[in-house]
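# the following comprises the amino acid sequence and a computationally predicted model.
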Amino acid sequence: MGVRVRYAPSPTGLQHIGGIRTALFNYFFAKSKGGEFILRIEDTDRERFQEEALQDLYSTLNWLGIDWDEGPDRNGNYGPYVQSQRTELYREYARRLVENGHAYYCYCSSERLENLREKQKKDKEDFGYDRKCRNLSDSEISRSKQDNVKPVIRLKIPLEGETVFTDYLLGEITRKNSDINPDPVLLKSDGYPTYHLANVIDDHFMNITHILRAQEWIPSGSLHVLLYKAFGWKPPVYCHLPMVMGSDGQKLSKRHGSTAVRDFIAKGYLPEAVVNYVSLIGWSFDDSREFFTREELEKLFTLEKLNKAPGVFDYKKLDWFNGNYIRQMSNDKLGTMVLPYLVKAGFVDENPSPENLEIIEGLIPLAKERLKVLSDIKEISAFLFRENGEYNLEEIIPKKLDAAKTAEILENIKMHLNEIFENNEEKTEEFFRKLSEKLNVKLGDIIMPLRTAVTGSKVSPPIIGSLKLLGMEKTEARINRVLDILKNEVVNG
RNA sequence: GUCUCCUUCGUCUAGUGGUUAGGACAGUGGGUUUUCAUCCCGCCAACAGGGGUUCGACUCCCCUAGGAGAUGCCA
């Protein structure tokens, strides 16, 4: 049988970096082996279920370019692929476990369980269920039934011995049965299965061959193996992936910044960059290569190059990847990618005027190598679409020069605005050089006052290109505005 | 607390008994440049500690320490 793997998220929250890393690795593994990648929705927690999370899942996978061979919306021979539609199956098999003595009904209330946990914490005893209902007499059972308590079904973990399973990456993982979560719930009182039950049953009936999931599931691994044994089934191959951590070494979470893929999309990260970077957390190809397209990863991914140790998610390296991918993009494509951000900033309409379209077209080459994320376009292009705020004289007047000299420089530029806008960039630059000689100042002392006057900032895209995008009229107006301030300073200062 | 897993530069990693321990991000210094950015060049920086095994350990074994995860009618 070929490789069959699955990504089985539970729609209780937005897709985050850790989740998609698991999805990606499963997907790459399937592709590299010519196997099948299955999407399964584990929506057995009815309280935490979010419709939004479901939509987020689909849009995120779609954005990443991950496609699945079988899933809720695909044909497949093992459906349905939504656990809430398979409850009868789980109930049936939970019952069978009770019948053959591997599981039992438990009538303990959640209050009792809570008290138990508190007491254990206080007395520093071992945590876990005390197995009160494991050996209930018939009369006790019938009494509970009369009280109309909805029971759960718990798995009987063997009291003695140990459970061993082999992890593809980590090797043998051995655990004393007495250390395993004592008698975990399989079927909840609302009739839905817990993760453990549903997961094992589905993986079995869906013929899943390999389970790639994060290492936080290792402890459950022993339990799952026990479940397979109780059913008389053969467990799949386990491969627990190293976890993704935040900068403090703890499990990556909101504390560390954005982790929801949706947030990365909103900020203007590209799927190529996210896929590329995330696939390098816990996996590598060789000693130096780190740029991979999704298609390449579909071929090159291999379990052999997986790392055991957890990896810290590095936002800066993602930025670096993203900047690289932005620079690789064609100008046309970047233009259309950047447009929504200009719209959102209120700079242009959704259907920009021809003039604005022209500005955007000219802006792209200037902005391209300055973008880490697409949303950076707002800062970079603001001067083109709105007027500058208050000017700061100190930023306009170059060091070693005074207001009068600066005014002279800007006057000179202003006088030649016509030719500046007619000439090409080289000629304009030449003009600035000659002007600097004529006025006996450095080239920078010509450029910087102009830059600050026109863009409102000491940092901007190349000034000559920026001027042309802005247009002569606005350029002149802004120079005039600064000249007024400078002249005022000369008179009063 | 208990159990399990993990441990190479700040971070991601290469390394599978003999290497000046390599690359990348970040940082830092410099060059190109009208600022910023890009690009180029340089620098900084690691085998957690202790025992073994071996002619020889980053590589194998043990112990210690540190970190993480799990310990739910959540997944």
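Yep, it's here.
# and the helix or strand bottoming out on mean pLDDT in chain A, what's buried?
The weakest-scoring helix or strand in chain A, judged by mean pLDDT, DSSP states H and E, is helix A:138-146 (a mean of 79). Buried residues in helix A:138-146, counted by 16 or more other C-beta atoms under 10 Å: A:Ser144. Using the backbone N, CA and C atoms, a C-beta is placed for each residue, glycine as well.
# which elements pack onto it?
Using 3 or more C-beta pairs under 8 Å, 6 or more residues apart in numbering; DSSP states H and E, no helix or strand is in contact with helix A:138-146.
# can you list the neighbours in contact with the very next helix or strand once past that helix?
Using DSSP states H and E, the helix or strand that follows helix A:138-146 towards the C-terminus is strand A:152-155. Contact partners of strand A:152-155, identified using C-beta atoms under 8 Å, 6 or more residues apart in numbering, comprise A:94-95, A:97-98, A:102-106, A:129, A:133-134, A:183-189, A:196, A:223, A:226-227, A:230.
# got a ChimeraX select line for the buried ones in these?
Burial among the contacts of strand A:152-155 is assessed by 16+ other C-beta under 10 Å; the matching ChimeraX selection reads:
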select /A:94,97,98,102,103,104,105,106,129,133,134,183,184,185,186,187,188,196,223,226,227,230
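# of the contacts of strand A:152-155, which ones also sit close to RNA strand B?
A:129, A:184-185, A:188-189 (C-beta under 7 Å from any atom of the strand).
# near RNA strand B, which residues of the stretch 51-200 of chain A show up?
Going by C-beta under 7 Å from any atom of the strand, the residues of the stretch 51-200 of chain A near RNA strand B are A:108-110, A:113, A:117, A:124, A:126-129, A:150, A:152, A:170-176, A:179, A:181, A:184-185, A:188-190, A:192-195, A:199.
# now the closest residue to A:Ser144 other than its chain neighbours: how far from A:Asp130?
In space, and not counting its chain neighbours, A:Ser144 is closest to A:Tyr107: 3.9 Å by C-beta to C-beta, 6 or more residues apart in numbering. Note on A:Tyr107: its distance to A:Asp130, by C-beta to C-beta, to the nearest Å, is 13 Å.
# and A:Glu92, how many neighbours does it have?
Number of residues near A:Glu92 (other C-beta atoms under 10 Å) recorded here: 10.
# so which strand or helix has A:Asn388?
Per DSSP H and E, there is no helix or strand for A:Asn388.
# quick one: contacts for it?
Contacts of A:Asn388 (C-beta under 8 Å, 6+ apart): A:455-456, A:478.
# mind checking pLDDT for it?
At A:Asn388, the model reports a pLDDT of 92.
# how far off centre is stretch A:311-328?
12 Å (C-alpha atoms, centre = their mean, to the nearest Å).
# low pLDDT regions in the stretch 51-200 of chain A?
Residues of the stretch 51-200 of chain A meeting the criterion pLDDT under 70: none.
# how about the helix of greatest length in chain A: buried residues?
The residue-count maximum for a helix in chain A (DSSP state H) belongs to helix A:472-492. By neighbour count with 16+ other C-beta under 10 Å, helix A:472-492 contains the buried residues A:475-476, A:478-479, A:482-483, A:485-486, A:489.
# cool, and stretch A:120-129?
Under 16+ other C-beta under 10 Å, the buried positions of stretch A:120-129 are A:128-129.
# using PDB, write out every CA atom in it.
The C-alpha trace of stretch A:120-129 is given here as PDB (Å, rounded to 0.1, in the frame of the first residue of the first chain):
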ATOM      1  CA  GLN A 120      -4.100  15.700  44.300                       C
ATOM      2  CA  LYS A 121      -2.500  19.100  43.600                       C
ATOM      3  CA  LYS A 122      -2.800  20.100  47.300                       C
ATOM      4  CA  ASP A 123      -1.400  16.800  48.600                       C
ATOM      5  CA  LYS A 124       1.200  16.600  45.800                       C
ATOM      6  CA  GLU A 125      -0.100  13.200  44.800                       C
ATOM      7  CA  ASP A 126       0.100  11.900  41.300                       C
ATOM      8  CA  PHE A 127      -2.400  13.500  39.000                       C
ATOM      9  CA  GLY A 128      -5.100  11.600  37.200                       C
ATOM     10  CA  TYR A 129      -8.300   9.800  37.500                       C
END
